[in-house]
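[1] what's the 3D shape of this:
(one chain, ligands or ions: 2)
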Amino acid sequence: MKPNFITEIIDEHNETGRFNSRVHTRFPPEPNGYLHIGHAKAIYLNYSIAQQYNGKFNLRFDDTNPCKEEQEYVDSIIEDVKWLGAKFEDRLFYASDYFEQMYEYAITLIKKGKAYVCDLDAEKLRELRGTLTAPGKNSPYRTRSVEENLDLFTRMRNGEFPDGAKTLRAKIDMAHPNLNLRDPIMYRILHSSHHRTKDKWCIYPTYDWAHGLEDSLEKITHSICTLEFENHRPLYDWFLDELGIFHPQQIEFARLNVTYTVLSKRKLLELVQGKFVDGWDDPRMPTVAGLRRRGYPREALHNFCEEIGAAKFNSTIDVGVLEEAVRGVLNKTAERVMAVLKPLKITITNYPDGKSEELEAVNNPEDPSMGLRKIYFSRELYIEQDDFRENPPKEFFRLSVGKEVRLRYAYFIKCEEVVKDENGNIVELKCSYDPKTRGGNAPDGRKVKATIHWVSAAHCFTAQINLYDRLFNSPDPDKVEPGKDFKSNLNPDSLGIITAAKLEPSLKNANPSQRFQFERLGYFCLDSKSTGPKLIFNRISTLRDSWAKVEQKLKKK
Ligand code: ATP
Ligand code: MG
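    Ligands and ions are numbered 1, 2, ... in the order given. Take a look at the predicted model:
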């Protein structure tokens, strides 16, 4: 990570010796959904900072809320963190493993007279809490004796009371200007089965109580979290100081927001449950699983995180920055291949029937070390329908009757005749080729104004192509007219399916971790869920930012 306000804080700690120059960070997801690009940023930040200071990085599930948590999410999060390359080695932890220790700490605070059992219900609690301008009022149960509190808290744990009947609260100050310090709740009663501890517990710790304890028990030095916890830091500090245990430094940074994207887990879950997308790993989702299936390389996500850095103030990043990071990596690494999405058959009338030949194609002009490959040429070929015009406008330089173009890596061809069906649709072109232009250059120095891609009909295979685009067609999907919600901004054209594209034969052996540039068309990869006999390829991205024009138009309006 380039220097930022977090590394400045760490440098200062290292100078003063606060943590004996130790750096230990963690990523603490709640397993209630899949990770998204915002989490990827938090992971990158925590992991790269640990690495930079020769420190350690933990993955810890903050699984303190039994209601929404599931094993499926735990599994997906582990897979995603590993894929992102953040190495937690043997340091995979669960907050639920600390429940007993947390309970002991609570007993310590009760014995110190710093926590009490309160019988107020949720509504009454809110009422007595006060507001930003008015102080709160003490609970009538605040003066319970230590003995009574110990007895009631034990009975809370033993399941003697129904949900919501009692809470354990810290005894701080009901008039404190920071509302988080007005006797916050530490435990609530929830007779709910937990995905790991099952029915062992019916009291569960709140985030504020649990989080600092988790950090402390793992000897985390720098507890990096998002800005909304800034107001909670005094409480984080209060608990640790009262207990007198190891005290990490909480540091807040701005969460990532991205245009044309929603990053709220609740909304992402709504898209999944409402079947607006094909699951959490739909290639249009901003989830790590979705981006991976889409074909985004991890290096691109790293470059993106590095570029946007860590900030102290909330802002929104243009999704174009992410897409450019993806193109930047793919341009250097993706193998070039030829594929025709909307095929138009052409017959080379002066090429012998039944003959074929091998030509050489460059795998990546950006990287000569990626070498050459063989491609096949024969009498019948496919080109894109768009590369031919029957009545070409002046500035159209591709194929039309009587015009000559270059077939990439092959020959010059000239269109001689258009063949139509009974409805007048163009079904085939009859062309001639110049055998002296093998490899794509004419010995007489004659030039053509266009080079088009093609495949040999006898050698290519048919595949499905999913043309993915942005999931939302508004830069701020949450901005909606009254009565509507973010789903009204879904882009109806975010998935276009081409059922019979023609691909060069080398793609038959593609695996989902390989990325290709289909020449002139964009970047593509094999879909990891492509199983049937007909292969499915995903469009990772177009070659250029096709949305820039749309946005310019929007600005002009
Ligand atoms: P929720 O609290 O609604 O479940 P969350 O996105 O905060 O959602 P967590 O599992 O608590 O989910 O997040 C784990 C970590 O990822 C936290 O430290 C959080 O600060 C960080 N994080 C979450 N969203 C973003 C984001 N958009 N940008 C950067 N960091 C994020
Ligand atoms: Mg959270």
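
[2] and residue 115, bridged to which residues?
    Judged by DSSP bridges, the bridge partners of residue 115 are residue 170.

[3] Per-residue pLDDT of it, please?
    The pLDDT attached to residue 115 in the predicted structure is 98.

[4] For the stretch 201-350 of the chain, just list every one of the strands.
    Defined through DSSP state E, counting those that start in this stretch, the strands belonging to the stretch 201-350 of the chain, from first to last, are 203-205, 222-226, 249-253, 256-258, 315-317, 335-337, 339-340, 343-348.

[5] Dump those into CSV; add distance to ligand 1 as well.
    (C-beta placed from N, C-alpha, C; glycine too.) CSV is the format used below for the strands of the stretch 201-350 of the chain (distance: least, CB to the nearest ligand atom, whole Å):
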stretch, distance to ligand 1
strand 203-205, 15
strand 222-226, 4
strand 249-253, 7
strand 256-258, 4
strand 315-317, 10
strand 335-337, 33
strand 339-340, 36
strand 343-348, 42
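
[6] Show me which residues of the stretch 151-300 of the chain sit near ligand 1.
    If contacts are counted using CB under 6 Å from any ligand atom, the residues of the stretch 151-300 of the chain sitting beside ligand 1 are 225, 226, 255, 256, 263, 265.

[7] Repeat that for the chain.
    Applying CB under 6 Å from any ligand atom, we find that the chain lies next to ligand 1 at 28-30, 32, 38-39, 41-42, 225-226, 255-256, 263, 265.

[8] re the thing from before, any of the residues of the stretch 151-300 of the chain next to ligand 1 buried? List them.
    Among those, those classed as buried by neighbour count (16 or more other CB atoms under 10 Å) are 225, 255, 256, 263, 265.

[9] who does the third one bridge with?
    Applying DSSP bridges to residue 256 gives these bridge partners: residue 315.

[10] where does it land on pLDDT?
    For residue 256, the pLDDT comes out at 97.

[11] helix or strand for the single nearest residue of the stretch 1-150 of the chain relative to ligand 1, which one?
    Closest residue of the stretch 1-150 of the chain to ligand 1, CB to the nearest ligand atom: residue 38 (2.2 Å). For residue 38, the host element (DSSP states H and E) is helix 37-52.

[12] Helix or strand next in line after that helix, which one?
    On the C-terminal side of helix 37-52, the closest following helix or strand by DSSP H and E is strand 56-61.

[13] got a pLDDT number for residue 550?
    In this prediction, residue 550 carries a pLDDT score of 64.

[14] Next: residue 556.
    pLDDT, residue 556: 62.

[15] For the residue lying closest to residue 267 once chain neighbours are set aside, give its distance to residue 73.
    Here the nearest residue to residue 267 in space, its sequence neighbours aside, is residue 486; by CB to CB, 6 or more residues apart in numbering that works out to 6.1 Å. Remark: distance between residue 486 and residue 73 (CB to CB, to the nearest Å) = 22 Å.

[16] okay, these two: which has more neighbours?
    Between residue 486 and residue 73, counting by other CB atoms under 10 Å, residue 73 is the more crowded of the two (22 against 18).

[17] Can you give me the separation between the more buried one and residue 520?
    Separation of residue 73 from residue 520 (CB to CB) stands at 41 Å.

[18] tell me the SS of residue 76?
    Secondary structure assignment for residue 76 (DSSP: H, G, I helix; E, B strand; the rest coil): helix.

[19] Can you give me the neighbour number for it?
    Summarising burial for residue 76: neighbours were counted as other CB under 10 Å, giving 20.

[20] swap in the one 10 residues further on?
    Burial of residue 86 is recorded as 20 neighbouring residues (other CB under 10 Å).

[21] next one: the one 5 residues further on
    Counted with other CB under 10 Å, residues neighbouring residue 91 total 14.

[22] Give me the nearest residue to it, chain neighbours excluded.
    In space, residue 91 comes closest to residue 58 once its chain neighbours are excluded; the distance is 4.3 Å by CB to CB, 6+ apart.

[23] Same question for residue 165.
    Nearest non-adjacent residue to residue 165, counting by CB to CB, 6+ apart: residue 189, 6.1 Å away.

[24] Please give me every residue in contact with residue 208.
    Applying CB atoms under 8 Å, 6 or more residues apart in numbering, one finds that residue 208 lies in contact with 180, 184, 186, 232, 235, 236, 239.

[25] got the phi/psi numbers for residue 435?
    The main-chain torsion angles of residue 435 are listed as degrees, to the nearest 10 and equal phi -60, psi -20.

[26] Distance check, it against residue 350.
    Taken as CB to CB, the span from residue 435 to residue 350 is 8 Å.

[27] With residue 83 instead?
    52 Å.

[28] out of these two, which sits in the more crowded spot?
    Neighbour totals were compared for residue 83 and residue 350, and residue 83 leads with 16 against 12 (other CB under 10 Å).

[29] and the more buried one, that one's in a strand?
    No. With three-state DSSP as the criterion, residue 83 is located in helix rather than a strand.

[30] I figured it was touching residue 291, is that so?
    No. Here residue 83 does not reach residue 291: they are 9.9 Å apart, not a contact under CB atoms under 8 Å.

[31] For the chain, which segments count as helices?
    Read by DSSP state H, the chain holds these helices, from start to end of the chain: 5-16, 37-52, 71-84, 99-111, 122-129, 146-157, 207-217, 233-243, 265-273, 288-294, 298-308, 319-333, 547-556.

[32] Go through the ones you listed and pick out the most buried.
    helix 288-294 (a mean of 24; mean count of other CB atoms under 10 Å).

[33] contact partners of it?
    Applying CB under 8 Å, 6+ apart, the set of residues contacting helix 288-294 is 34-37, 39-40, 76, 79-80, 83-84, 280-285, 298, 301, 468, 512, 525, 527-529, 538, 540.

[34] Which residues are in contact with residue 382?
    The neighbourhood of residue 382, defined by CB under 8 Å, 6+ apart, consists of 340, 343, 344, 345, 346, 454, 455, 457, 460, 502.

[35] Can you flag the buried ones in those?
    Buried among the contacts of residue 382 (16+ other CB under 10 Å): 340, 343, 344, 346, 454, 455, 457, 460, 502.

[36] Let me know the closest of those to residue 160.
    Closest approach between these and residue 160, by CB to CB: residue 502, at 71.4 Å.

[37] distance of that closest one from residue 453?
    11 Å.

[38] Between the two, which contacts overlap?
    Taking CB under 8 Å, 6+ apart as the contact rule, the neighbours common to residue 502 and residue 453 are 339, 340.
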